[in-house]
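**Student:** give the three-dimensional model of this entry:
(one chain, ligands or ions: 1)
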Amino acid sequence: MTTVPISNIRNFSIVAHIDHGKSTLADRLIQMTGGLSDREMAGKEQVLDSMDIERERGITIKAQTVRLAYKAKDGKDYIFNLMDTPGHVDFAYEVSRSLAACEGSLLVVDASQGVEAQTLANVYQALDNNHEIVPVLNKVDLPAAEPEKVKQQIEDVIGIDASDAVMISAKTGLGVADVLEAIVTRLPPPKGDRDATLKALLVDSWYDVYLGVVVLIRVVDGVMKKGSRVRMMGTGAAYDIERVGFFTPKMTQVDELGPGEIGFITAAIKEVADTRVGDTITDDRKPVTEMLPGFKPAIPVVFCGLFPVDADDFETLRAAMGKLRLNDASFSFEMETSAALGFGFRCGFLGLLHLEIIQERLSREFDLNLIATAPSVIYKMKLNDGTEIEIHNPIDMPDVVKIAEIQEPWIEATILTPDEYLGSVLKLCQDRRGSQKELTYVGSRAMVKYDLPLNEVVFDFYDRLKSVSKGYASFDYHLTDYKPADLVKMQILVNNEPVDALSMLVHRTRAEGRGRAMVEKMKDLIPPHMFQIPIQAAIGGKVIARETVRALRKDVTAKCYGGDITRKRKLLEKQKEGKKKMRQFGKVDIPQEAFIAALKVDS
Ligand SMILES: Nc1nc2c(ncn2[C@@H]2O[C@H](COP(=O)(O)OP(=O)(O)OP(=O)(O)O)[C@@H](O)[C@H]2O)c(=O)[nH]1
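**Tutor:** From the prediction side, this is the model:
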């Protein structure tokens, strides 16, 4: 691959709403610049989405970068570094750090759909990073495409000039050549001083089975050389650089990366946790004095307990989580025990989608059968003695008489929806204790901004939103602040004993509805025992809902008395098999389905 002057480098990202065609365009760009042969492209549905689940769910999770070589119409050779960014709201943090390593963005908007919630969120982040932006209208091959209308929308809603938007079909390849030219002529080259001391941004890191920890960097000043000794300023650790290179998307090794370049390094780094994303990498012998601005760390906001259905799987679960964490520093877990569910882990996630992805990977890649407890957020509590604590597990909540005030996190949500579903969307937000801030129109679609408690959003809000809008509404949010809330701890009692895994913090006004729904579900799923079993929902000592599982009338072996002993044994064996799928709770056996159903109820 040719080396070029810094003025011929272009570093850019593609920002888009999910499904607007970011990956398809990225693949086209790779294909047209010869990064991969047609044959290699054919074998890979979407080259940038490397993880199986990403491909199946059609979402991009891990930011990746490819280097492309392009000969422009001006006859000069250019190097493009294309940074992939995830499109989903939970991973906004990964978007922001990819953007910090680039000078420009292609804003891809589906010409048949128009601007969506994540288009806005992502493009504002790009503008915050002082990016030059080239609007690209994709899917113009579709009969429903309305490029002129969408151009107007981009100007009205985002406030950037869209008159020169590039019209393309990433699918057929139409117009993609113009995108390549626009990258050269409309995006700025990076700035940097080759003779200055090495200063590089640690953009990302991940674990590779063959290479160990791979670190993605953007060189700002100086040169990153193979064999040199560098220092990570944030952690203070020093390393000898073993490999330097980039992806085309195939891994290619070189001797050095100069200013403005993006690529990877490897060294004897043991764990991903030893690298701090956003850190500044410099020369160990003559370090720079000032660090790069860096990023805010990604903090988990949603928590839940994950327990193996089969207690024998506990160690497998621990090992599996350890493996996943190797490549996902934003996923955290610590051991937890529950009287009802046994040994498991309390886990922290960036959001609900992140939770779902981890859960799915655990069950699919590690063949684990899991029970997840209700998702919770971080509550702040002021105690009467003046101390302040943070709670992310309802079990840890102190006695109510000790609590002076409970605060819960709030978000600002932006929702775009076709007009006909606006009523249902507003009702949903209202039902979730939301307060409306703004209602405007973007073409024929309504854009609403709502303040909502995160506690109500982690509880199936996204699913409900999709269902009330037949999948048409789009949603994005960011955390705003903590506000005092009238929250209570609701417990579920089975046979008069509280089931710890089913405790949750809910708003007082919603406790009864939620409690009633839970006990009803459990009643249907707990099999009759020899005695009657009360199932109750309670706040403190006060029962707010109750159901009863009636006592069993027949003994399974009764009809075998005096009869065939093998038949009797068979029946008992069968019963034992069934028991394996139960949780012994006091004198009661609770089937897993009952837990799962109780935790899934929609109030
Ligand atoms: N008709 C048509 N379909 C397209 C075009 N570009 C992409 N698509 C289709 O739109 C769907 C979404 O495209 P992707 O490239 O996966 O979208 P994405 O924005 O990368 O989605 P995420 O990875 O989830 O962020 C796919 O089914 C593509 O085949 C186009 O120009 N025309």
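
**Student:** buried ones in the strand or helix carrying Val519?
**Tutor:** Val519 belongs to helix 508-525 when assigned by DSSP states H and E. Buried residues in helix 508-525, counted by 16 or more other CB atoms under 10 Å: 510-512, 514-523, 525. No exception for glycine: its C-beta is placed from N, CA and C like everyone else's.

**Student:** nearest to Ser376, of those residues?
**Tutor:** In terms of CB to CB, no member of the buried residues of helix 508-525 lies closer to Ser376 than Arg514, at 13.6 Å.

**Student:** need the longest strand for this structure.
**Tutor:** strand 403-418 (DSSP state E).

**Student:** what's the following helix or strand after that strand?
**Tutor:** Following strand 403-418 in sequence, per DSSP H and E, is helix 422-431.

**Student:** in that next one, what's buried?
**Tutor:** Residues of helix 422-431 classed as buried: Leu422, Ser424, Val425, Leu426, Leu428, Cys429 (neighbour count, 16+ other CB under 10 Å).

**Student:** what separates the second one from Arg318, distance-wise?
**Tutor:** Relative to Arg318, Ser424 is positioned 43 Å away (criterion: CB to CB, to the nearest Å).

**Student:** now do the third one
**Tutor:** Remark: distance between Val425 and Arg318 (CB to CB) = 41 Å.

**Student:** may I have the phi/psi pair for Ile79?
**Tutor:** phi -110, psi 130 (degrees, to the nearest 10).

**Student:** quick one: contacts for it?
**Tutor:** Ile79 sits next to Met1, Thr2, Val4, Asn8, Ile9, Arg10, Arg67, Leu68, Ala69, Tyr70, Glu261 when contact means CB atoms under 8 Å, 6 or more residues apart in numbering.

**Student:** who does the longest strand of the chain touch, helix- and strand-wise?
**Tutor:** If you count contacts as 3 or more CB pairs under 8 Å, 6 or more residues apart in numbering; DSSP states H and E, strand 403-418 packs onto helix 117-128, strand 379-383, helix 422-431, strand 445-453, helix 454-457, strand 474-484.

**Student:** which pLDDT value belongs to the closest residue to the ligand within the stretch 201-350 of the chain?
**Tutor:** Closest to the ligand within the stretch 201-350 of the chain is Pro249: 15.2 Å, counting by CB to the nearest ligand atom. On pLDDT, Pro249 comes in at 76.

**Student:** ok, and the closest non-adjacent residue to it?
**Tutor:** Using CB to CB, 6 or more residues apart in numbering and skipping residues adjacent in sequence, the residue nearest Pro249 is Val66, 4.7 Å away.

**Student:** so that neighbour sits in a strand?
**Tutor:** Yes. Under the criterion used here (DSSP: H, G, I helix; E, B strand; the rest coil), Val66 sits inside a strand.

**Student:** got a quick ChimeraX command for the buried subset of the contacts of Ile79?
**Tutor:** Selection of buried members from these for ChimeraX, criterion 16+ other CB under 10 Å:
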select :4,8,9,10,67,68,70,261
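
**Student:** could I get the contacts of Ile79 as a markdown table with secondary structure?
**Tutor:** Below are these laid out as a markdown table (three-state DSSP):
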| residue | secondary structure |
| --- | --- |
| Met1 | coil |
| Thr2 | coil |
| Val4 | coil |
| Asn8 | helix |
| Ile9 | strand |
| Arg10 | strand |
| Arg67 | strand |
| Leu68 | strand |
| Ala69 | strand |
| Tyr70 | strand |
| Glu261 | coil |
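
**Student:** list just the nearest of the contacts of Ile79 to the ligand.
**Tutor:** Closest to the ligand, out of all of those and judged by CB to the nearest ligand atom, is Leu68, at 17.2 Å.

**Student:** next up, the contacts around the closest one.
**Tutor:** With contact taken as CB under 8 Å, 6+ apart, Leu68 is in contact with Leu29, Ile30, Thr33, Gly35, Ile79, Phe80, Asn81, Leu82, Thr248.

**Student:** measure it to Glu334 for me?
**Tutor:** 43 Å.

**Student:** what's the answer for Gly234, then?
**Tutor:** Distance, Gly234 to Glu334, using CB to CB: 24 Å.

**Student:** neighbour count: the two, which is higher?
**Tutor:** Applying other CB atoms under 10 Å to Gly234 and Glu334 shows that Gly234 carries more neighbours, namely 17 against 9.

**Student:** that one contacts Thr282, correct?
**Tutor:** No. Applying CB atoms under 8 Å as the test, Gly234 and Thr282 come out as separate, 10.8 Å apart.

**Student:** what residues are shared contacts of those two?
**Tutor:** Residues touching both Gly234 and Thr282 by CB under 8 Å, 6+ apart: none at all.
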